[in-house]
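>>> Sequence and predicted structure, then a few things I'm wondering about:
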Amino acid sequence: MTPEQELRKKLRRIEALYAGATTEGERLAAKAAIDRIRKRLAAFERVEYPVEYKFRLPDGWSLRLFIALCRRYGIEPYRYPRQRRTTIHIRAPRSFVDGTLWPEYQEISKALQEYLAEATNRIIREEVFGDSEIL
């Protein structure tokens, strides 16, 4: 299995964890997982008022991931005029953000960072010079 395939498998497992999947069949059904999370969000919205959140993300890759997760669940991210490129706002129920969206983002972000670091080190080692360890 290639590193990219391993990453994709890991991302599906993370998604299944936050969707509340209980069987292997459910873990493989990404659409069903997304639907469950959207239903959970709708339930939170019936009980709680959405709260405005401001996120300052460290880089453009993290921003892209966070925006994609928000849009996947029907949350539309926005930015106020003159804000930095890596600052983003959303309006969502606190329970959903604290219990699902932010923890899922953190786990996926960590997996992607590990993958990108491994790929970068491999390319430097193979194409630039074999010894690229930091002093």
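Done, it's in. Predicted model, so just to flag it, every value in this text is computed and none were measured.
>>> Break down this structure into its helices, ranges please.
Along the chain, counting by DSSP state H, helices occupy 3-19, 24-28, 30-47, 60-72, 94-96, 102-123.
>>> count of neighbours near G130?
8 (other C-beta atoms under 10 Å). Bear in mind the C-beta positions are built from the backbone N, C-alpha and C, glycine included.
>>> can you check E126 too?
For E126, the neighbour count with other C-beta under 10 Å is 9.
>>> go on, the one 5 residues further on?
Burial of D131 is recorded as 7 neighbouring residues (other C-beta under 10 Å).
>>> From N121, how far off is it?
11 Å (C-beta to C-beta, to the nearest Å).
>>> cool, L101 as well?
Going from L101 to N121 by C-beta to C-beta gives 30 Å.
>>> Look at the two and report which has more neighbours.
Each of L101 and N121 has its neighbours counted (other C-beta under 10 Å); L101 has more, 23 against 12.
>>> so what's the more buried one closest to, chain neighbours aside?
L69 (6.4 Å; C-beta to C-beta, 6 or more residues apart in numbering).
>>> hang on, that neighbour packs against I108?
Yes - between L69 and I108 there is a contact under C-beta atoms under 8 Å: 7.4 Å.
>>> In terms of pLDDT, where does the most centrally placed residue in the chain sit?
Geometric centre of the chain, nearest residue: Y105, 3.2 Å, by C-alpha atoms, centre = their mean. You'll see Y105 listed with a pLDDT of 95.
>>> Touching, it and L65? I think so.
Yes - between Y105 and L65 there is a contact under C-beta under 8 Å: 6.7 Å.
>>> Which neighbours do the two have in common?
The contact sets of Y105 and L65 do not overlap (C-beta atoms under 8 Å, 6 or more residues apart in numbering).
>>> Y115 touches R8, doesn't it?
No - applying C-beta under 8 Å, one finds Y115 not in contact with R8, separated by 9.8 Å.
>>> For these two, indicate the residue with more neighbours.
Using other C-beta under 10 Å, the more surrounded residue of Y115 and R8 is Y115, with 17 against 14.
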